[in-house]
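K.L.:
below are the sequence and a predicted model for it; my questions follow.
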Amino acid sequence: MSQARAYRGGYLIGFIVIGVVALRAVLEQQIQSVLLIGLYGLLYSTEPWLAGRRRGYRPVYFPMQIALIVALSALPPFSDINALLYVPLCIQALHAFERGAARAWIAALVLLLGATLLLGMGWWEGLALIFSYLAVGAFLISYDSLYSRTQADQAESQRLLADLQSAHAKLQDYAARAEELAAARERNRLARELHDSVSQAVFSITLTSQSARLLLERDPSRVPEQVERMQAMTGEALARLRSLIARLRPDSFPRNPD
């Protein structure tokens, strides 16, 4: 997505250049130039679509565009502004080829721009225009490169943000699972404690009841003491059971706020 947006940004610069050159031809009423510039603009606008469907299109596309610029430059009277049409091709080469191939295409296009101006304007005036057009081209290409890097950085930031959001969601999921696991462990611990407490209380009450039964035959006067002891033990056991059961309820464990 970011690459496509950067591509559109560079193409916008090209359309501005094409529009300026076409406006000059219209004002000078150069019909043939207008037609050639229109064909150039048509090829320029359809290049991304055609290049995406035909792998060998770009090696054919650039020579066709160069031929159109040469034809424009050959039409009388010579118009130096037509040489600016090499600039959109330089921007396209930056996006269309790898770094080495792009540099080779840009060098070839700069040489063609210089040759066009020298042949059309003469040495001294042509040299002056070459430096002027190279400055304009360097500015536009630098702007396109800056725009492309900005879009790439923005896309990278969005990707990192998406990764952080995904990691945050995973951490929340892990935290919720860890909390549920901790709650389950706590319930198991309380359940074991409840089991141990019940077993111990029942065992103690059983022993006390057996003692009371024996005392009932041997020493009845001590039976009330054993009964009171059983009552106290039963009360303590019930209180302990109530406390453990209350701690086993789901609402007694902390929940994830999300």
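P.N.:
Perfect, thanks for sending it.
K.L.:
which residues does stretch 213-233 contact?
P.N.:
Stretch 213-233 has contacts (Cβ atoms under 8 Å, 6 or more residues apart in numbering) with 201, 204-205, 208-209, 211-212. The C-beta positions use only the backbone N, C-alpha and C, and glycine is treated the same way.
K.L.:
secondary structure class for Gly56?
P.N.:
Assigned state for Gly56: coil (three-state reduction, DSSP: H, G, I helix; E, B strand; the rest coil).
K.L.:
what is the burial count for it?
P.N.:
Gly56: 8 surrounding residues under other Cβ atoms under 10 Å.
K.L.:
about what we covered before: can you tell me which of the contacts of stretch 213-233 are buried?
P.N.:
Neighbour-count burial (16 or more other Cβ atoms under 10 Å) is assigned, among those, to 201, 204-205, 208, 211-212.
K.L.:
re earlier: now, which of the contacts of stretch 213-233 sits nearest Ser145?
P.N.:
Ala201 (82.1 Å; Cβ to Cβ).
K.L.:
give me the number of residues near Ser89?
P.N.:
Quick fix: residue 89 is Leu, not Ser. Neighbour count for Leu89, taken as other Cβ under 10 Å: 25.
K.L.:
for Asn82, that is, sorry about that
P.N.:
Using other Cβ under 10 Å, Asn82 has 27 other residues around it.
K.L.:
show me what contacts it?
P.N.:
Contacts of Asn82 were listed using Cβ under 8 Å, 6+ apart, and they are 21, 33, 69, 72-73, 116.
K.L.:
so how far is Lys170 from it?
P.N.:
According to Cβ to Cβ, to the nearest Å, Asn82 and Lys170 sit 58 Å apart.
K.L.:
Ile245: what secondary structure?
P.N.:
Three-state secondary structure (criterion: three-state DSSP) places Ile245 in helix.
K.L.:
can we start the residue count at 726 from this point?
P.N.:
All right, first residue 726 from here; so that's Ile970.
K.L.:
from Ala840, how far off is it?
P.N.:
Distance of Ile970 to Ala840, given as Cβ to Cβ: 96 Å.
K.L.:
try Arg912
P.N.:
In terms of Cβ to Cβ, Arg912 sits 86 Å off from Ala840.
K.L.:
with Arg778 instead?
P.N.:
In this view, Arg778 and Ala840 are 33 Å apart by Cβ to Cβ.
K.L.:
these two: who's more crowded?
P.N.:
More crowded of Arg778 and Ala840, by other Cβ under 10 Å: Ala840, with 15 against 8.
K.L.:
what's the helix or strand for that one?
P.N.:
Per DSSP states H and E: Ala840 is located in helix 824-846.
K.L.:
immediately after that helix, which helix or strand?
P.N.:
That would be, after helix 824-846 and using DSSP H and E, helix 848-943.
K.L.:
so which helix or strand of the chain has the lowest pLDDT on average?
P.N.:
Scoring the helices and strands of the chain by mean pLDDT, DSSP states H and E places helix 948-973 at the bottom, with a mean of 74.
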